[in-house]
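[1] could you work out the structure for the sequence below:
(2 chains)
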Amino acid sequence: MASGIKDKVAIIGMGCTRFGERWNDGPEELMVEAFQECIKDAGIDKDEIQAAWLGTCFDEVMVGKSALSASIALRLPNISVTRVENFCASGTEAFRGAVYAVASGACDIALAIGVEKLKDIGYGGLPEFSTAIGTTNALWFPNLTAPGGFAMLASGYAAKYGIDIMDVKRAMAHVSVKSHANGARNTKAHLRKQVTDEQVMNSPMIAFPLGLFDCCGVSDGSACAIVTTPEIAKSLGKNDIISVKALQLALSNGTEIGYKWDGAHFTTTTKASKAAYEEAGIKNPREEISMMEVHDCFSITELVTMEDLHISERGKAPTDIMDGFYDLNGKLPCQPDGGLKCFGHPIGASGLRMLYEMYNQLLGRAGDRQIDDPKFGLTHNLGGFPMMNVCSIAIIGKHGA
Amino acid sequence: MIGVTAFGGYVPRYRMSRMTIIQNMAWYFPVIMAVAGGEKAVANWDEDAVSMAVAAAYGCMAGKDRKALDGVFFASTTMPFADRLNAGIVAAALNAPEEGIANADFSACLKAGTTAAISALEAVASGERGSVLVAPSDLRKSKMATMAEMFIGDGAAALLFGKDDVIAEFKGSYSLNADFVDHYKGVGKDFDYMWEERWVRDEGFGKLIPQAIAGYLKKTGMQLADFDKVIYPCYFTGTHRGIAKKLGMDPSRVQDNMHNVCGDTGAAHPLLMFCAALEQAKPGDKLLLAGFGQGCDVLGFEVTDKIKNFRPARGAASSLAAKVDLPNYQKYTKFRDLITADLGIRGEANPNTSLTALWRKRKMILGFVGNKCTKCGTPQFPSLPMCVNPDCNEVGEFEDYEFADKSGKIQMFTGDMLSPSVDPPAVYGLVEFDGGGKAFLDFTDCDLNQVKVGMPIRMSFRRRMKDQARGFTGYFWKAVPKAQG
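    Numbers count the residues shown, from 1 in each chain, chains lettered A, B, ... in the order given. Next comes the predicted model:
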């Protein structure tokens, strides 16, 4: 019987670049910047890294195929480096590769790095993906974009719970307002201005009902983590050990898009979060999770995710959001670093960027965003579209907690 | 007895008042004010001659067995492919059989529709074919501020010819051929080149149509007085009336040329007018139909009792009634690619179409055919090897399931301003079909402000993409929300 990943692997170092429109930096510069911070934090020599995983999504327009880009940029010592891609879960997938390698005993120290250079394509938003959906899908898929795909969820959610779509939009607006308030306190965030509900509500329409301020930024960035066993971490002189409590992934199997689904929730997140709590030994997530970084690619995604994580009751996320439950000073702060909303979404980097915030919070390094004595931090990624997606969830916490 | 066994017509939803053209373009060529009245039908940006023919064909074939077709004849002067059987696309969209069927394109002349009809009737008469569908359709581009822009409309018709349940018996035909070049379109050209109107009116329509009708009457021994309705195209309304006078007919027996309601629909027009006449016809009525272009085809029909039991699912009158005004002339010019507007870098991506994948998935893409699991009964789309029902997951136990003629309801949707579109926002969503199955689809012929979750939809075959670099046109099905319920 599998015993899960809980407390088998420790994070000994993390790094994260400033996210933003890094016009003068390519993926190589970004990876090196994150890596330098990370290896210094870990306090090890580069030659001690035995295996590495690279997460990127749009390799076609960025680093190309294979993991050679990371191996060359970081001048890794001819070790195994593997590039992974699983939509927006790509960064967490890189982390999973490194964590599982250590847990299996195949290596002692492993690196996970994620990077995405989005601002090299000449237009706003994510790269156009008609060439990246598969040969057969290309014959019939709707002419969709990321905001459009997620915007549909707002119509489904409002219909399911009989809520006026404008009331849903008001709760969505508060999701963005809260994240901007947090991002304004973070020197590594891309967008660092506070916004008001009116600004969000009145921003130009991108995909009904999502306005511009319901959409996360588009940025360049990189983040990375070095992991090892808790024993080796101790031998390296680490006192506050942060360990992995759960790592779960769930993918759609075509049921939502082609069979039964209410159009008002993420089937994958609902399942992956349940499995993650079980793996971490968490009984009541609303009480036990101290903080979260969730996939707020769009405000509606975060809103619905609060229910799929079994934290807000079904149909009640708008109420919790409007009550400030997820604000930085609320009961369960969500996006304390500003989220994708303020960091943007360099896809391969995002999962590791989220872990970076949870790691720093757990170590008491989060400055004026510091949450009081956190125990468990949860990260969540949702790649693809509401009706067909990849969900990853990680929970990290103080070792032994 | 052989003849028409079903018919349908399709006029696209947008109508543009000719006053709209005048308001925008009369400064450039005031002569267009001479034909200011009425409106013309304007195809949506995602339609072409093939897609409109499919719409007319479904209007005709509802309640008829598409599997019994053994011929699909497509007629058009604006075929999307110069070398790929366009009729084959129409047949695939109808999920017609592939074995034992003879499909053909009739082109290069505005009487291509009536010529196709004569060929179909001859094939049925010979006993070689049992059920032949003729689907003429035209979407002709015209230069801005021209008489052609005023006269031309977009539309399609469909007629099923066979032996059983004949609603209009075929009473012979006569054809006259004359290389009378009132207009022409050279290969590779977008627009017609037209000769002087006075000559076209007087020496063309005005002489050749009466001459061919006289030939028909002589050949069949019938009298013009035998006919309750005479149907011939002529976009010059005065000349249209003048021909009746020349023939010595009461104007009430001449079928309206539809200039006021949709404009001249090219190769489709004689048969679209014929559909309009059939919709009004009573048992025993005799109809004389003529098609004009480098000569003239004439066909005679006698309506039977069976007409009482037939109503097209979509016909001339119903599609003319289902209209929305297009007051925006610039939008029309963009739809027809007459002006250059930027789609942005996001709109540049232009992968080629995998013809191997299209061949494998031709039923799914062109026919919108999904699967129905024979074990659990679940209809599903797309067609994949394993049943979508998590409690079943049976492998390979499927029968074909046609979604094209199914109704459904909108489960979720959006209007996307980021997606590159000729007509933003791009509206799309998830549709649940009545009877089971769902699909993620583009929507068309709708106004985002009227779209609601739960709104009923019907399906429509549309042009999905046009590969300008390689000349390929891709098709798929879109959902049309029924805003009126």
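
[2] residue A:250 and residue A:276 touch, don't they?
    No: the criterion here is C-beta atoms under 8 Å, and residue A:250 misses it with residue A:276 at 9.6 Å. Every C-beta, even on glycine, is put in place using the N, C-alpha and C of the backbone.

[3] neighbour count for the two, which is higher?
    Set residue A:250 next to residue A:276 and count neighbours by other C-beta atoms under 10 Å in any protein chain shown: residue A:276 wins out with 27 against 22.

[4] would the more buried one count as being in a helix?
    Yes: looking at residue A:276 with DSSP: H, G, I helix; E, B strand; the rest coil, it is inside a helix.

[5] contacts only, for it.
    Residue A:276 makes contact with A:246-248, A:282, A:378, A:393-395, according to C-beta atoms under 8 Å, 6 or more residues apart in numbering or on different chains.

[6] among those residues, which are in helices?
    Using DSSP state H, no member of the contacts of residue A:276 sits in helices.

[7] report pLDDT for the closest residue to residue B:93 other than its chain neighbours.
    Spatial nearest neighbour of residue B:93, chain neighbours left out: residue B:54 (4.4 Å); criterion: C-beta to C-beta, 6 or more residues apart in numbering or on different chains. Reported pLDDT at residue B:54 in the predicted model: 98.

[8] list the contacts of residue B:54.
    B:90, B:93-94, B:135, B:461.

[9] for residue B:169, same thing?
    B:1-3, B:301-304.

[10] the stretch 51-200 of chain A: helices as residue ranges?
    Along the stretch 51-200 of chain A, the segments classed as helices by DSSP state H, counting those that start in this stretch run A:68-73, A:90-104, A:146-161, A:165-183, A:197-201.

[11] roughly how far is the first one from the heart of the chain?
    On the basis of C-alpha atoms, centre = their mean, to the nearest Å, helix A:68-73 sits 23 Å off its chain's mean C-alpha point.

[12] could you check the pLDDT of residue A:131?
    Value for residue A:131, per-residue pLDDT: 73.

[13] in terms of helices and strands, where is the closest residue to it other than its chain neighbours?
    Nearest residue to residue A:131 in three dimensions, chain neighbours excluded: residue B:351, at 4.8 Å (C-beta to C-beta, 6+ apart). Assigned by DSSP states H and E, residue B:351 belongs to no helix or strand.

[14] I'd say residue B:351 and residue A:130 touch.
    Yes: Residue B:351 is in contact with residue A:130 according to C-beta under 8 Å; the separation is 6.3 Å.

[15] quick one: the host helix or strand of residue B:289 to chain centroid distance?
    Assessed by DSSP H and E, residue B:289 sits inside strand B:286-292. Between the centre of strand B:286-292 and the centre of its host chain there is 19 Å, according to C-alpha atoms, centre = their mean.

[16] mind putting the helices of the stretch 51-200 of chain A in TSV, distance to residue B:250 and mean pLDDT included?
    Shown next, in TSV, are these (distance: least, C-beta to C-beta, whole Å; pLDDT from 0 to 100):
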stretch	distance to residue B:250	mean pLDDT
helix A:68-73	82	97
helix A:90-104	77	98
helix A:146-161	57	97
helix A:165-183	59	97
helix A:197-201	66	97
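
[17] most packed of the ones you listed?
    Of all the helices of the stretch 51-200 of chain A, helix A:90-104 carries the top mean neighbour count, a mean of 26, counting by mean count of other C-beta atoms under 10 Å in any protein chain shown.

[18] could I have the CA atoms of that helix written out in CSV?
    Only the C-alpha atoms of helix A:90-104 are listed here, as CSV (Å, rounded to 0.1, in the frame of the first residue of the first chain):
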residue,chain,number,x,y,z
SER,A,90,4.3,22.3,-15.7
GLY,A,91,6.2,24.0,-12.9
THR,A,92,4.6,21.7,-10.3
GLU,A,93,5.4,18.7,-12.6
ALA,A,94,9.1,19.6,-12.5
PHE,A,95,8.9,19.8,-8.7
ARG,A,96,7.1,16.4,-8.7
GLY,A,97,9.8,14.9,-10.8
ALA,A,98,12.6,16.1,-8.4
VAL,A,99,10.6,15.2,-5.3
TYR,A,100,9.8,11.7,-6.5
ALA,A,101,13.4,11.1,-7.5
VAL,A,102,14.6,11.9,-4.0
ALA,A,103,11.8,9.9,-2.4
SER,A,104,12.6,6.9,-4.5
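
[19] show me the chain divided up by domain.
    With no chain named, the answer covers chain A. Per automatic domain parsing, the structural domains of chain A span A:10-120+A:220-240, A:146-213+A:243-398.

[20] meant chain B, my bad for not saying
    Chain B is divided into the following domains under automatic domain parsing: B:3-335, B:406-481.

[21] out of these, flag the one nearest residue A:214.
    In terms of C-beta to C-beta, the element of these nearest to residue A:214 is domain B:406-481, at 11.8 Å.

[22] please say whether there is contact between that closest one and chain A.
    Yes: looking at domain B:406-481 against chain A by C-beta under 8 Å from any C-beta of the partner chain, the contacts come from B:411-421, B:425-426, B:428-430, B:437-442, B:448, B:453-454, B:464, B:474, B:476.

[23] still on that earlier bit, okay, the contacts of residue A:276 in a markdown table with pLDDT next?
    Compiled in a markdown table, the contacts of residue A:276 are given as follows (pLDDT from 0 to 100):
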| residue | pLDDT |
| --- | --- |
| A:246 | 98 |
| A:247 | 98 |
| A:248 | 98 |
| A:282 | 98 |
| A:378 | 98 |
| A:393 | 98 |
| A:394 | 98 |
| A:395 | 98 |
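
[24] just those: which are in strands?
    A:246-248, A:378, A:393-395 (DSSP state E).

[25] nearest to chain B among those?
    Chain B lies nearest to residue A:248 out of the ones in strands among the contacts of residue A:276, by C-beta to the nearest C-beta, at 19.1 Å.

[26] for that closest one, name its beta-bridge partners.
    Beta bridges link residue A:248 to residue A:393, judged by DSSP bridges.

[27] next, the contact list for it, please.
    Taking C-beta under 8 Å, 6+ apart, one finds A:272-273, A:275-276, A:279, A:392-394 in contact with residue A:248.

[28] also residue A:30?
    A:17, A:22, A:115, A:117, A:220-222, A:349.

[29] please, which helix or strand holds it?
    Assigned by DSSP H and E, residue A:30 belongs to helix A:27-42.

[30] for that helix, buried residues please.
    A:27-35, A:37-39, A:41-42 (16 or more other C-beta atoms under 10 Å in any protein chain shown).

[31] and of these, the nearest to residue B:158?
    Each of the buried residues of helix A:27-42 was checked against residue B:158 using C-beta to C-beta; the closest is residue A:27, at 55.8 Å.

[32] nearest residue to the closest one in space, please, no chain neighbours.
    Per C-beta to C-beta, 6+ apart, closest to residue A:27 is residue A:117, 4.5 Å.
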